[in-house]
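**Q** coords please:
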Amino acid sequence: MMNSSMPEVTPIRAFTDNYIWCIQQGKHCAVVDPGDAKPVLAYLQEHQLTLTDILITHHHADHIGGLSELCQAFPDAKVYAANRERIPHVDYCLNQADNIELNGLDLQFEVFEVPGHTRDHIAYYGNIGLFCGDTLFSAGCGRLFEGSPEQMFDSLQKLTRLPANTKVYCTHEYTLANLNFAVTVEPNNPQLTDYLFEAKAIRANDNPTIPTSIAQELRINPFLRCDQVEVVQHVSQYAGRELSTEKDVFAELRRWKDQF
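**A** Purely as a prediction, here's the structure:
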């Protein structure tokens, strides 16, 4: 019988700035992008939880490095991902618009293909929020290791069409660095400068700035604001030429961030 308690989402910290998201419902839980098994196993033992599901957004080591050890410790846990060739232990290989119901939790997710950071990156969207790996960050987006700027732009646009109140659970605490770049791009955005002040206070207390929300990102994230006059002007100035489309602005903005 499925657990009727409300799910809780908790960050398990790993490495220097990773969050492994633990979705707990009763004594069952799922984790998202377990790059390191040790902090996950310690958290599960401390809270007496059984791991039933593992959601993977992409194949990078800091997202799957703990997968084998977790599957050994919890052999009944089901693994969800987009690519069996690059990710071990996958039980369910996912594509755009797939809907999944987790093995041990009363939760459903819709799958979005969001190429850009990698060619086969996916995100999971449900009523508790969006788990988007390294695609959308607070005030930023992922580097383009395999995909094109056009692919990443389209992926982000797909996510911005979600309800404004959607909580966004990305996998890194990059917010302050992203905000410092964002205020360079759009210094006259008062919501952005106000949030930089707020985020500094949050991080000074060693608290996470994540989750963010779609609404918040539409207000402060320059990669979602490529139609805004000030963003276009500053990015065009950086590029040394007039940029005529949002995708051109995005491509130059990503190049600027890579050098920032």
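
**Q** From here on, just use CA atoms for contacts and neighbour counts.
**A** Fine.

**Q** Is residue 59 in contact with residue 87, as I believe?
**A** Yes: contact criterion C-alpha atoms under 8 Å: residue 59 and residue 87 qualify, at 5.8 Å.

**Q** Restricting to C-alpha, output the helix or strand containing residue 201 in PDB.
**A** Assigned by DSSP states H and E, residue 201 falls within helix 190-204. Provided in PDB are the C-alpha atoms of helix 190-204 (Å, rounded to 0.1, in the frame of the first residue of the first chain):
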ATOM      1  CA  PRO A 190      16.300  46.000  -8.900                       C
ATOM      2  CA  GLN A 191      14.900  42.500  -8.300                       C
ATOM      3  CA  LEU A 192      18.300  41.100  -9.200                       C
ATOM      4  CA  THR A 193      20.300  43.400  -7.000                       C
ATOM      5  CA  ASP A 194      17.900  42.800  -4.100                       C
ATOM      6  CA  TYR A 195      18.200  39.100  -4.500                       C
ATOM      7  CA  LEU A 196      22.000  39.300  -4.600                       C
ATOM      8  CA  PHE A 197      21.900  40.900  -1.100                       C
ATOM      9  CA  GLU A 198      19.500  38.300   0.100                       C
ATOM     10  CA  ALA A 199      21.500  35.400  -1.300                       C
ATOM     11  CA  LYS A 200      24.700  36.700   0.400                       C
ATOM     12  CA  ALA A 201      22.900  36.600   3.700                       C
ATOM     13  CA  ILE A 202      21.600  33.100   3.100                       C
ATOM     14  CA  ARG A 203      25.100  31.800   2.200                       C
ATOM     15  CA  ALA A 204      26.700  33.600   5.100                       C
END
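
**Q** and that helix, how far from the chain's centre?
**A** Relative to its chain's centre, helix 190-204 lies at 20 Å (C-alpha atoms, centre = their mean, to the nearest Å).
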